[in-house]
Structures are given as structure tokens and as C-alpha cells.
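Peer 1: When you get a sec, could you give me coordinates for this:
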Amino acid sequence: MTKPRINLGCGLITYPNEPHWSHGMVDRDILIEGDWVNVDRNVAPGVNEQVDLFTYPWPWEDNSFSLALATHLVEHIPHAPKIMGFNGADELMNAGQYWQKNVVKWRERCEELANLQDGWFCFFSELWRVLEPDGMVHLLVPHAASDGALADPTHTRYVLPQTFGYLQKDPNGQFDYSIGCNFEAPDPAYRITEPYRNLLPEPDDDAQTREQKALELRYNMITRRNVVYEFYQKLTAVKDADSD
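Peer 2: Sure thing, here's the model as predicted:
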């Protein structure tokens, strides 16, 4: 049986539906079909569950979802996480039915999250937990070197594609960031701004032209602001199959 999909911090944009204009980079096929759970901290039309995603742990059990969508959300993750489980019965009452039936596991999970180094890892550790093995995450993120990322006073962090490399366990074991998860992060897709779109490949470009354009675009992305407006990052939850 196919597990549902979760739309994190959905606001007024809920699925399944035709993609919102701002979600044009996201694979259309995943948005127009499937069983979706639309989640936001505010009550709004189409919101299925009201959850503060920056309070941990989340109310869903392990391996609950096959896919997750989060658009312009992760740049708001607070550095200092709010972790339940340290103030007694009142927090347990708000933790949800899954944790109320698994109180010992809830307390253990709260301790695990408290030992993570940053709210970034708490968020993605919980996302990893509630996804099934090989579950996909689809993210739209403002590029750190863009006015959209820098101007918003509610942003808590500036994200580059390399930031998601910190969600992958170091295979050599040289560094331990206490990440609590393991995601594969392939190269993203970029929304290039108008002045630099001439550096995107054209169908009739030869190999040398394509390589030259790619080098010039990369150079501009590194040295200039507002070359990229946002990027579309996919992640895959790397888990043991028997964890389902």
C-alpha cells in the first residue's frame, strides 16, 4: 500500500492540485496526484493537520510518508530547537496519539534530539524518521546569494546546495556533526535570473559552447549576487529496509 505524502508548511498552497505558479520547478507529476497530508502551524482552507514543525518530535510515527515537500521553509528553521519531553504531562498531552501510546520511546526521542547540535539537524532528523526508506524530499530554497534570501528578516540561515551535504553521514567517519539522519543530495536545479539566462545551454549548442557557458555561469554564481533566485533540491532518505 502506497503511503501518503506530506506537504510541510503548506500555508494556502495544498495538494494534490495543479502546481502553484511559484512551484514551477517542482516535478508536476508528484503534485497533481497522490494522497497528501497538508501541514501548517496555522489553520487554513485545505490544511489537514495543524502542527508546529519547529517543535520536536513531530507527532507522526516512523516511516509514515513516502514523499515530502517543503517550499521556502527550511531557511526559517530556528537554530535553537524547541524540544518536548522535559516539562511533564502537559507536553505529552500535546505530543499526539502516537507518542502517548509510546511514552518511553517519546522520552528517548526527545533526548536524542536534545543532543543534536542545531535546529537544522533536529528538523531533518525528524523528516528522515517519518519518511520510509528511499523516501524523497522535494525542496525549494532561496539561494543564499540572492536578495530574496538576504532581505527577509524572518530567515534564520542562508542556504546553499552544499549545506545539504551536512545531512549525509561521513563514510570515512572523520567528522561527527550529530546529524541524526542520512540523506543523499544530488546536484540541484537552479532558477537563473534574466541577465544570466544567455549562459544556459541551447539545443543547437556544440559541446565546447556548452562547456564554456557552464564555466562562465558557475564563475558568476560564485562571484556575483542574484545570479540564482532559488534552487530545487531533492533528497533521498537512506535507511535500512528493515526499519519499515
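
Peer 1: Backbone torsions only: list them for the closest residue to residue 179 other than its chain neighbours.
Peer 2: Residue nearest to residue 179 in three dimensions, not counting chain neighbours: residue 121, with 4.9 Å by CB to CB, 6 or more residues apart in numbering. All C-beta spots, glycine's among them, are computed from the backbone N, C-alpha and C. Here is the backbone geometry of residue 121 (degrees, to the nearest 10): phi -70, psi -30.

Peer 1: if I look at residue 121, how far off is residue 11?
Peer 2: Applying CB to CB, to the nearest Å, the value for residue 121 to residue 11 is 24 Å.

Peer 1: Looking at those two, which one has more neighbours?
Peer 2: The residue with more neighbours, out of residue 121 and residue 11, is residue 121; 22 against 17, by other CB atoms under 10 Å.

Peer 1: Contact partners for that one?
Peer 2: By CB atoms under 8 Å, 6 or more residues apart in numbering, the residues touching residue 121 are 167, 177, 178, 179, 180, 181.

Peer 1: Then residue 99?
Peer 2: Applying CB under 8 Å, 6+ apart to residue 99 gives the contacts 57, 59, 92, 105, 106, 109.

Peer 1: Hmm, the first one is touching residue 127, no?
Peer 2: Going back to what we said before, that points to residue 57. No: using CB atoms under 8 Å, residue 57 is not in contact with residue 127; the gap is 11.1 Å.

Peer 1: mind listing what the closest residue to residue 160 other than its chain neighbours touches?
Peer 2: Spatial nearest neighbour of residue 160, chain neighbours left out: residue 144 (5.0 Å); criterion: CB to CB, 6+ apart. Residue 144 makes contact with 150, 158, 159, 160 under the criterion CB under 8 Å, 6+ apart.

Peer 1: Which of these sits closest to residue 32?
Peer 2: residue 159 (27.1 Å; CB to CB).

Peer 1: residue ranges for the strands of this structure, please.
Peer 2: Along the chain, the segments classed as strands by DSSP state E run 5-8, 36-40, 49-50, 55-56, 65-71, 82-83, 131-142, 183-184, 189-192, 228-237.

Peer 1: which residues touch the residue nearest to residue 55 when sequence neighbours are not counted?
Peer 2: Residue nearest to residue 55 in three dimensions, not counting chain neighbours: residue 82, with 4.4 Å by CB to CB, 6+ apart. Going by CB under 8 Å, 6+ apart, residue 82 touches 52, 54, 55, 56.

Peer 1: So which of those is surrounded by the most neighbours?
Peer 2: Top of those by neighbour count (other CB under 10 Å): residue 56, with 23 neighbours.

Peer 1: re earlier: would you turn the contacts of residue 99 into TSV with pLDDT and distance to residue 195?
Peer 2: TSV is the format used below for these (pLDDT from 0 to 100; distance: CB to CB, whole Å):
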residue	pLDDT	distance to residue 195
57	96	44
59	96	45
92	81	54
105	94	53
106	92	51
109	95	48
